[in-house]
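[1] sequence and predicted structure below; questions after.
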Amino acid sequence: MDTLQFIHARLSITVLLFMLALGLWGLWSYLRNEGVSGSLWGAMAVGEILIVVEGLLGAGLFVAGQRPARTAIHILYGVFLAVAMPGAFSFTRGRSARSEALIYGLVALFLAGVAIRARVTGGG
C-alpha cells in the first residue's frame, strides 16, 4: 500500500504543476489575442485524465482503509477538481474564442490552488 500512497502523492504534485502550466498557457493565449488552440484542448484533456487517475488512486486507498487527515474536505476537493474543467467547458459551450482562453486559464490556475489545498488536507 505504501507504493500506492507514493504514486498518489507524486501524481498530486503532477496535477498541481500541470494545472499551473495549463493556466499560464491559457492566459498567454488570451494576452496574444488567440483563442483556444487544438494543442490547448488536448492539454486540457490530458489534465482531466490526470485528475481522474489521481481520484481513482485515492478511491483505491480509501477502500483499502487509508484515510486522509481531513477526509470529507479532501474528497470534496478531489470531486471539485474532477468536475471543474468539464463544468467550464459546459459553461462556454465548447467555444474556443479569445475570452474562452481566459476562462480556461483562470480555471486551471484556480485548480492549481485547489490541488495545493487537497495536498494539505490529505496530510501531504
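    All right, it came through fine. Residues are numbered from 1 along each chain as shown.

[2] on the three-state scheme, the residue lying closest to Gly123 once chain neighbours are set aside is what?
    Nearest residue to Gly123, sequence neighbours excluded (Cβ to Cβ, 6 or more residues apart in numbering): Ala69, at 3.8 Å. All C-beta spots, glycine's among them, are computed from the backbone N, C-alpha and C. The assignment at Ala69 comes out as coil when based on DSSP: H, G, I helix; E, B strand; the rest coil.

[3] next one: Ala69, what pLDDT does it get?
    Per-residue pLDDT puts Ala69 at 80.

[4] kindly report the same for Gly124.
    Reported pLDDT for Gly124: 61.

[5] neighbours around Phe18, how many?
    Per other Cβ atoms under 10 Å, the neighbour tally for Phe18 reads 20.

[6] actually, Ser99.
    For Ser99, the count of nearby residues is 13 (other Cβ under 10 Å).

[7] many thanks, we can stop here.
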